[in-house]
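J.: Quick one, structure for this:
(one chain, ligands or ions: 2)
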Amino acid sequence: MSATETSANATTLAPVEGDRPQWGTAIPFFLIHLMPLGALWTGATKLDWVLCIAFYFMRLFFITAGYHRYFAHRSFKTGRVMQFIFAFGGATAAQKGVLWWSGNHRHHHRHSDDDEDLHSPKHGIWWSHFGWILSSRSKPTPMHLIKDFAKYPEIRFIDKYYLLPPTVLGLFCFAVGGWSGLWIGFGLSTVLAYHGTFLVNSFTHIWGRRRFVTSDTSRNSMIIALVTMGEGWHNNHHHYQRSCRQGFYWWEIDLTFYILTVMSWFGLVWDLHRPTERALTEGRIKDGHFDVGMFDAYWAKASQKMLEAQVNASRRMREAHLNAEAYAEAKRKALDEFVESTKDRAREVAAKSDELIESTKQTAEDVARLAKGPAGVAD
Ligand SMILES: [Zn+2]
Ligand SMILES: [Zn+2]
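T.: Ligands and ions are numbered 1, 2, ... in the order given. As a prediction, the model looks like this:
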C-alpha cells in the first residue's frame with residue numbers, strides 16, 4: 001500500500017455508500033484458510049505441530065506487544081532496532097503493515113462502537129471479526145493518526161512490503177518441514193493467529209464482564225486473555241489505554257506483559273507503563289458509576305428495534321390494504337365468472353329446448369302423417 005494511496009482517503013473511514021469487497025485481500029485471506037487442508041494429503045509430523053504452536057504464540061506476541069501496545073498505544077519504550085524487530089515480527093502474522101494496523105487501531109479507540117468504528121459488533125459479529133478487513137472501507141491507512149511512526153523510513157519500508165515477513169516465515173517452514181511444514185507450521189498457525197487477534201475486535205466487546213465505565217461495550221475475559229496472550233482484559237484496556245499491563249491484578253494473566261518485563265531486565269525495552277492508582281479505582285461500575293457505554297448500546301438496540309417495529313407495522317398495513325384490494329378483485333372476478341357461466345348455461349338450456357320443440361314438432365308431424373297414411377290406403 002503506497003503512501004499516496006494511504007493518505008488520500010485518510011479521513012473517510014465512516015460507513016460509506018457503495019462499500020464493496022476488496023478481492024485483493026479477500027482471495028488470499030480465504031486461500032490461507034485452505035492451506036491447512038493440504039495436510040490431508042501429506043499428513044503432519046510432530047515438528048509441524050511444534051512449529052504451528054511456536055509460531056502462533058510468537059506472532060500473537062509480536063501483534064500484541066508490537067503492533068498493539070507499542071505502535072498503537074506507545075505504552076513502553078524501545079530502541080530503533082527493537083522497534084523494527086517488533087514491526088517485522090508483527091508483519092509475519094500476515095495482518096498487513098504496521099502503520100495500517102496501528103493507525104486503524106487508534107481509529108478504533110477514537111470511535112469505539114460509534115458509527116465510524118470500523119469493527120464495532122453493532123454491525124454484526126462477523127463484521128467485527130473479519131468482514132471489516134475485507135471491505136473497501138478498511139483499505140486506506142489513516143496516516144494522519146500514525147504520523148509519529150510513519151516518520152521512520154525503515155518502518156515505512158516494512159509497512160509497504162508487508163508481505164515480505166510472512167513470505168520469509170512460510171519459506172522457513174517449507175525448508176524445515178517440507179510441504180506439511182508449510183501447511184501446518186505456517187498455514188494453520190497463520191489462520192489461528194488471525195482468529196486469535198480478531199477475537200479481540202469481536203468477542204471482547206460481547207463476552208465477559210465490565211469493571212469500568214467506558215463509552216463503549218468492551219469487556220474483560222480470562223479465556224480470551226489466555227488465547228491472545230493478555231488481550232482479553234479489554235475493558236481494562238479501553239479504560240486506561242496507556243497501560244502496557246492490561247491485566248491489572250495478579251490473577252489477570254497477561255503473558256505479553258510478563259515477556260516484556262523479562263525483556264526490560266535485559267534493557268531491550270523500558271518505561272513499561274502501569275496503571276496508576278487513580279486508573280485502578282476511578283469509574284468502577286461496582287462503586288455505582290453509571291455505565292454509559294452499555295446504556296448507549298442498549299439505547300441504540302432499543303431504537304433499532306422500535307424502528308424495525310415501525311417499518312414492519314407499515315409494511316403489514318400496506319400488505320393488509322393490498323390483500324383487501326386483492327380479495328375484492330377476486331370476488332368481483334368470481335361473480336363475473338358465475339354470471340357468465342349462468343348465461344352460458346341458460347343459452348345451452350334455450351338451445352336444448354329449441355331442439356326439443358323442433359323434435360317434438362317433427363314427431364307430431366310424423367304421427368300425423370302416419371295417421372293419415374292408412375286412411376289414404378283405405379280410400
Ligand atoms: Zn488498543
Ligand atoms: Zn476495543
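
J.: in which helix or strand would I find the residue positioned nearest the centre of the chain?
T.: Nearest residue to the geometric centre of the chain (Cα atoms, centre = their mean): Trp127, 1.5 Å. Element membership of Trp127, judged by DSSP states H and E, is helix 125-129.

J.: Can you report how many residues neighbour Lys46?
T.: 8 (other Cβ atoms under 10 Å). Just so you know, the C-beta spots here come from the backbone N, C-alpha and C atoms, and that holds for glycine as well.

J.: for it, phi and psi?
T.: Dihedral angles of Lys46 (phi, psi; degrees, to the nearest 10) stand at phi -60, psi -40.

J.: before we move on, back to that, so the residue nearest to the centre of the chain makes contact with His119?
T.: Yes: using Cβ atoms under 8 Å, Trp127 is in contact with His119, at 7.1 Å.

J.: distance of Ile285 from Arg59?
T.: As defined by Cβ to Cβ, to the nearest Å, Ile285 lies at a distance of 34 Å from Arg59.

J.: In terms of neighbours, single out the busier of the two.
T.: Arg59 (29 against 17).

J.: State the helix or strand in which the more buried one lies.
T.: Residue-wise, Arg59 maps onto helix 46-61 under DSSP H and E.

J.: just checking, next helix/strand downstream of that helix?
T.: strand 77-78.

J.: quick revisit: check which helices and strands the helix holding Arg59 is in contact with.
T.: In terms of contacts (3 or more Cβ pairs under 8 Å, 6 or more residues apart in numbering; DSSP states H and E), helix 46-61 is packed against helix 80-91, helix 164-180, helix 189-201, helix 255-265.

J.: Mind telling me which of the ones you listed the model trusts least?
T.: When these are ranked by mean pLDDT, helix 189-201 comes last with a mean of 91.

J.: ok, residues contacting it?
T.: 29, 32-33, 35-36, 51-56, 59-60, 63, 93-95, 108, 119, 128-130, 132, 166, 224, 227-228, 231-232, 234 (Cβ atoms under 8 Å, 6 or more residues apart in numbering).

J.: Any quick PyMOL command for the buried ones out of the residues you listed?
T.: Here is the PyMOL selection string for the buried members of the contacts of helix 189-201, based on 16 or more other Cβ atoms under 10 Å:
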select buried, resi 29+32+35+36+51+52+55+56+59+60+63+93+94+95+108+119+128+129+130+132+166+224+227+228+231+232+234
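
J.: returning to what we had before: so for Glu355, which of the helices and strands packed on helix 46-61 sits nearest?
T.: helix 189-201 (86.6 Å; Cβ to Cβ).

J.: Output the closest one as PDB - backbone C-alpha positions only.
T.: In PDB, the C-alpha atoms belonging to helix 189-201 read as follows (Å, rounded to 0.1, in the frame of the first residue of the first chain):
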ATOM      1  CA  SER A 189      -0.700 -21.100  12.700                       C
ATOM      2  CA  THR A 190      -1.500 -18.100  10.500                       C
ATOM      3  CA  VAL A 191      -5.200 -19.000  10.500                       C
ATOM      4  CA  LEU A 192      -5.200 -19.500  14.200                       C
ATOM      5  CA  ALA A 193      -3.300 -16.200  14.800                       C
ATOM      6  CA  TYR A 194      -5.800 -14.400  12.600                       C
ATOM      7  CA  HIS A 195      -8.800 -15.600  14.600                       C
ATOM      8  CA  GLY A 196      -6.900 -15.100  17.900                       C
ATOM      9  CA  THR A 197      -6.300 -11.500  17.000                       C
ATOM     10  CA  PHE A 198      -9.800 -11.000  15.600                       C
ATOM     11  CA  LEU A 199     -11.400 -12.200  18.900                       C
ATOM     12  CA  VAL A 200     -10.100  -9.000  20.500                       C
ATOM     13  CA  ASN A 201     -12.100  -6.900  18.000                       C
END
